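Peer 1: no sequence for this one, just the structure:
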Ligand code: AMP
């Protein structure tokens, strides 16, 4: 099963993808995480994208398409794309890549949210340095204060691009460059919308409902 999770920054794509990958035996392909890993490793690519990411702008289509091309289709039972595609040219390139590998996209799930609420969500979020589990100051604190539920690490990280200035730019990029993907997939008849303002478990149930139908 091959799925895309779409939605603006802070919609919960990463949180949901992590929950679903284990349940369905899929692999989460998160382009933002891949780029952050490049930065952490000090690679040329990491250095190239650093300023763009911190400002909240989109990295060029060429770079992103190359990055995803080397990973797509390697996953056994399929993938959950999180953060890709983010432009219509990326969506078209993805279609070409999948066709070449004899794969198909089963569903594009739009996590629909209210932008004003997202600003608070982004301001409060942090992730475990070691395993990447995501948390939030108000909505989703670790069960034991200061300790990651998943791996027990005590080190957490807040993203530079969750600062208000960069958040504004990221929303603008979503509206101008990413939202036009929605009609692209709607026209193909594979777009499903879920309510991303519900609590995290309820959003997971909605997405699982869609995925269970595909699995049959
Ligand atoms: P994310 O973790 O998905 O919010 O991505 C963090 C940042 O990485 C974005 O704000 C962009 O700068 C960059 N990025 C991630 N995925 C893409 C993509 N598909 N196209 C362009 N830029 C991307």
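Peer 2: Good, I have the coordinates. Bear in mind the structure is a predicted one, so any value in this text is a computation, not a measurement.

Peer 1: give the contact list for the residue nearest to residue 113 when sequence neighbours are not counted.
Peer 2: Closest residue to residue 113 apart from its sequence neighbours, by Cβ to Cβ, 6 or more residues apart in numbering: residue 196 at 4.1 Å. Quick note: C-beta positions are derived from backbone N, CA and C, even for glycine. Contacts for residue 196 (Cβ atoms under 8 Å, 6 or more residues apart in numbering) come out as 7, 11, 12, 111, 112, 113, 203.

Peer 1: and the gap between residue 196 and residue 162?
Peer 2: Per Cβ to Cβ, to the nearest Å, residue 196 is found 17 Å from residue 162.

Peer 1: just how off-centre is whichever helix in the chain runs longest within its chain?
Peer 2: Ordering each helix of the chain by length in residues (DSSP state H) puts helix 200-215 first. Helix 200-215 sits 16 Å away from the centroid of its parent chain (Cα atoms, centre = their mean, to the nearest Å).

Peer 1: and that helix, what does it pack onto?
Peer 2: helix 13-24, strand 107-112, strand 191-195 (3 or more Cβ pairs under 8 Å, 6 or more residues apart in numbering; DSSP states H and E).

Peer 1: tell me what residue 136 is bridged to.
Peer 2: Beta-bridge pairing of residue 136 under DSSP bridges involves residue 125, residue 140.

Peer 1: check the chain for the residue nearest the ligand and tell me.
Peer 2: residue 32 (1.9 Å; Cβ to the nearest ligand atom).

Peer 1: quick one: contacts for that residue?
Peer 2: By Cβ under 8 Å, 6+ apart, the neighbours of residue 32 are 14, 82, 83.

Peer 1: contact partners for the first one?
Peer 2: When you say that, I think you mean residue 14. Counting by Cβ under 8 Å, 6+ apart, residue 14 touches 28, 30, 32, 33, 82, 83, 134.

Peer 1: what about residue 157, how many residues nearby?
Peer 2: Neighbours of residue 157 under the rule other Cβ atoms under 10 Å: 12.

Peer 1: ok, it touching residue 127?
Peer 2: Yes: the criterion here is Cβ atoms under 8 Å, and residue 157 meets it with residue 127 at 5.5 Å.

Peer 1: just to revisit the earlier point, what's the closest of the contacts of residue 196 to residue 186?
Peer 2: Nearest to residue 186 among the contacts of residue 196: residue 112, at 12.9 Å, using Cβ to Cβ.

Peer 1: burial count for that closest one?
Peer 2: When neighbours are counted by other Cβ under 10 Å, residue 112 comes out with 15.

Peer 1: next, work out how far apart it and residue 9 are.
Peer 2: Taking Cβ to Cβ, one finds residue 112 at 14 Å from residue 9.

Peer 1: kindly report the same for residue 205.
Peer 2: Note on residue 205: its distance to residue 9, by Cβ to Cβ, is 23 Å.

Peer 1: compare neighbour counts for those two and give me the winner.
Peer 2: residue 9 (25 against 12).

Peer 1: show me the contacts for the closest residue in space to that one that isn't next to it in sequence.
Peer 2: Of all residues not flanking residue 9 in the chain, residue 170 sits nearest, at 4.5 Å (Cβ to Cβ, 6+ apart). Going by Cβ under 8 Å, 6+ apart, residue 170 touches 8, 9, 56, 161.
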